[in-house]
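Colleague: Below are the sequence and a predicted model; questions follow.
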Amino acid sequence: MDIAVIFQRLTESFVINIELFGMTLLFGLPLGLVIAFGSMSKWQPFEWLPGKLKRPDGKRWKKIISILVGAIAKWRPISWLTKIIVWIVRGTPLMLQVVIIFYVPSIIAVSKGLPSPWGSGRLLATGIAFIINYACYFSEIYRGGIESIHGGQNEAGQVLGMTRSQIFFKVTLLQVVKRIVPPMGNEIITLIKDTSLARIIANKEIIMMAQEYSAKGLIWPLFSTALFFLVFVGILTLALNWSERRLSYFR
Amino acid sequence: MKVLEVKGIQKNFGSLRVLKGIDFDLERGEALAIIGSSGSGKTTLLRCLNFLESPDQGTISVNGKTIFDASERLSLKSDEIRHNRLYFGLVFQNFNLFPQYTTLQNVTLAPQLLAKEREDYKGNRAAIFKELELNARDILAQMGLTDKLDFYPHQLSGGQQQRVAIARALALSPDILCFDEPTSALDPELTGEVLKVISSLAEKRTTMIIVTHEMQFAREVSDRVIFMDDGVIVEQGAPEQVFGNPREERTRQFLARYSG
């Protein structure tokens, strides 16, 4: 078969990888920040409980009850819930998440006699799984970055009369971005290679396309896919280096 | 009229009683030095005035208006606290400049953000910003930093950074300017330039509270000295009296340790 035709086919299918990559970054990066704030939430809705819960006869509660009440008072539900979600998402294979997001709604719909909600939107289903999965990893990088900023920056903003959101956007954010470029770079480089998992629900991305040739006995197209990833990661590395340099004007 | 009245301030961290009832006041144009050993509560007191800590007991009044009352602290809205903070300026021990902004931007950032709350902001933005920038340049000139306007903090020496921090606090024209050990993080040869700037502010009758370990400086620059120990004010008075002829034994011991 003609080499030029095979490369053209591979290039066309690599567009799917790039689309998935772009979708995941576009929505995953902001969602990751939201999740980071969720896991850092200090909201304690039952903080008042120990004060209000006095026995009418003035005696002390049994120890087990006061321990329980103390625990409920310290409970941070938003942080707790977010951390559980991050645990589940990071604790299970991305491939499995793609399968679940694609099939579970379809099975439910079909059992009720409705058409699959995804229709031909396999890539969309894959994208949603990728966005949620990667946002959870991003959130921990954001959290690390935010918590590494010296508390004095926040206090300086406060005594200068800034609001909390002004302090975050005008003071903290750029310092966080500078610190998280290297670990984010790692995740982003991993992401482009992870996009090949999309073939599990028959998105015709580059590896799946190449495997069609190897099934026919032609093995080199599969090996040649490495070139596509190498070139793409090369460009990414240049872009990441550029952004590090752009942010090197302050310390 | 008293510019500041502090009554019965108490602050605990868990079971640790850091401030055990602090009362003092301040006249407009007065420079007050607070001395005392580490852990005596001086810094916590400054942080309470700047609403970085919330006292458990006591009141704080500025210009006769109560801006903090511990018995009503839960009803304070964050916007009220934010505006009450502006009565005070605070210069930190380790500067806390914003690293991604130049000297000039560090000084203009907060005034520009506050200007957005002004009623005449819309339509006058350019004029207001121009005025704020001129004001910032003027203050930075007084700090001797005219040739450093476009430098980033990491390009400045510690003494220069601290002078930028002083300019940043002054740009909001606080009623009371607070210094939290402004020279403790500096190399000895750099403390002089910062102390000189603070002295020049004292000469211009800037109302100031200076927490410091520089005894000689406190004696020269202040109108009144407070000696704190173990969360209480042990002694206060004119610098000549507190340093030259202390009434309390604890003050004498403390000063002996410092001069010896």
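Modeller: On my side now, so go ahead.

Colleague: Please count neighbours and contacts with C-alpha atoms only from this point.
Modeller: Noted.

Colleague: how about the residue of the stretch 101-250 of chain B found nearest chain A, what does it touch?
Modeller: Closest to chain A within the stretch 101-250 of chain B is residue B:110: 6.0 Å, counting by C-alpha to the nearest C-alpha. Residue B:110 makes contact with A:157, A:160, A:161, A:162, B:172 under the criterion C-alpha atoms under 8 Å, 6 or more residues apart in numbering or on different chains.

Colleague: could you dump the residues you listed to TSV with secondary structure?
Modeller: Formatted as TSV, the contacts of residue B:110 follow (DSSP: H, G, I helix; E, B strand; the rest coil):
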residue	secondary structure
A:157	helix
A:160	coil
A:161	coil
A:162	coil
B:172	coil
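
Colleague: Out of those residues, which is nearest to residue A:118?
Modeller: Using C-alpha to C-alpha, residue A:162 comes nearest to residue A:118 of the contacts of residue B:110, at 46.0 Å.

Colleague: what phi and what psi does the backbone show at that closest one?
Modeller: The phi and psi values for residue A:162, taken as degrees, to the nearest 10, are phi -80, psi 150.

Colleague: how far away is it from residue B:245?
Modeller: Distance, residue A:162 to residue B:245, by C-alpha to C-alpha, to the nearest Å: 44 Å.

Colleague: Run through the strands of the stretch 101-250 of chain B in chain order.
Modeller: With strands called from DSSP state E, counting those that start in this stretch, the stretch 101-250 of chain B shows them at B:176-180, B:208-211, B:224-229, B:232-237.

Colleague: Mean neighbour count, the ones you listed: which tops it?
Modeller: Highest mean neighbour count of those: strand B:208-211, a mean of 26 (counted as mean count of other C-alpha atoms under 10 Å in any protein chain shown).

Colleague: Make a markdown table out of the strands of the stretch 101-250 of chain B and add mean pLDDT and distance to chain A.
Modeller: Converted to a markdown table, the strands of the stretch 101-250 of chain B look like this (pLDDT from 0 to 100; distance: least, C-alpha to the nearest C-alpha, whole Å):
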| stretch | mean pLDDT | distance to chain A |
| --- | --- | --- |
| strand B:176-180 | 97 | 11 |
| strand B:208-211 | 97 | 15 |
| strand B:224-229 | 96 | 24 |
| strand B:232-237 | 95 | 25 |
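
Colleague: returning to what we had before: compare residue A:162 and residue B:245 (neighbour count), which wins?
Modeller: residue A:162 (26 against 11; other C-alpha atoms under 10 Å in any protein chain shown).

Colleague: do you know how far the more buried one is from chain B?
Modeller: Distance, residue A:162 to chain B, using C-alpha to the nearest C-alpha, to the nearest Å: 7 Å.

Colleague: Where does pLDDT dip in the stretch 101-250 of chain A?
Modeller: Nowhere does the stretch 101-250 of chain A drop to pLDDT under 70.

Colleague: how about the residues of it near chain B?
Modeller: Contact residues (C-alpha under 8 Å from any C-alpha of the partner chain) of the stretch 101-250 of chain A with chain B: A:152-153, A:155-163, A:171, A:174-175, A:249-250.

Colleague: what are the phi and psi values for residue B:10?
Modeller: phi -130, psi 140.

Colleague: Would you indicate which residues of stretch B:76-89 are buried?
Modeller: B:81, B:82, B:83, B:84, B:85, B:86, B:87, B:88, B:89 (16 or more other C-alpha atoms under 10 Å in any protein chain shown).

Colleague: So which of those are in helices?
Modeller: Per DSSP state H, helices hold the following members of the buried residues of stretch B:76-89: B:81, B:82, B:83, B:84, B:85.

Colleague: correct me, but the last one touches residue A:161?
Modeller: Yes. When contacts are counted by C-alpha atoms under 8 Å, residue B:85 is listed as touching residue A:161 (6.5 Å).

Colleague: Quick check, pLDDT for residue B:182.
Modeller: Note for residue B:182: predicted pLDDT of 95.

Colleague: Now for the spatially closest residue to it that is not a sequence neighbour, how many residues are close by?
Modeller: In this structure, residue B:182 finds its nearest non-sequential neighbour in residue B:93, 4.8 Å apart by C-alpha to C-alpha, 6 or more residues apart in numbering or on different chains. Number of residues near residue B:93 (other C-alpha under 10 Å) recorded here: 19.

Colleague: what sits against the spatially closest residue to residue A:138 that is not a sequence neighbour?
Modeller: Distance criterion C-alpha to C-alpha, 6+ apart; nearest residue to residue A:138, sequence neighbours excluded, is residue A:32 at 5.1 Å. Neighbour list for residue A:32: A:134, A:135, A:136, A:137, A:138, A:139, A:142 [criterion: C-alpha under 8 Å, 6+ apart].

Colleague: for residue A:224, same thing?
Modeller: Contacts of residue A:224 by C-alpha under 8 Å, 6+ apart: none found.

Colleague: For it, give its distance to chain B.
Modeller: Counting by C-alpha to the nearest C-alpha - residue A:224 and chain B are separated by 44 Å.

Colleague: Torsion angles phi and psi at that residue?
Modeller: phi -70, psi -20.

Colleague: one step back: any of the contacts of residue A:32 buried? List them.
Modeller: Buried members of the contacts of residue A:32, scored by 16+ other C-alpha under 10 Å, are A:134, A:135, A:136, A:137, A:138, A:139, A:142.

Colleague: what residue of the chain is the furthest out?
Modeller: No chain specified, so I'll use chain A. Computed with C-alpha atoms, centre = their mean, the maximum C-alpha offset from the centroid of chain A is found at residue A:57, amounting to 52.3 Å.

Colleague: Chain B was what I was after
Modeller: Largest centroid distance in chain B under C-alpha atoms, centre = their mean is residue B:123 at 34.6 Å.

Colleague: Contact residues of chain B facing chain A?
Modeller: B:50-52, B:79, B:82-83, B:85-86, B:88-90, B:96-100, B:110, B:113-114, B:152-154, B:169, B:172.

Colleague: out of all of them, which helix in the chain is the longest?
Modeller: Going with chain A. Under DSSP H, chain A gives helix A:3-40 as its longest helix.

Colleague: try chain B instead
Modeller: helix B:125-142.

Colleague: by contact count, what packs against that one?
Modeller: In this structure, helix B:125-142 packs against helix B:103-115, helix B:158-170, with contacts taken as 3 or more C-alpha pairs under 8 Å, 6 or more residues apart in numbering or on different chains; DSSP states H and E.

Colleague: Alright, calling it a day.
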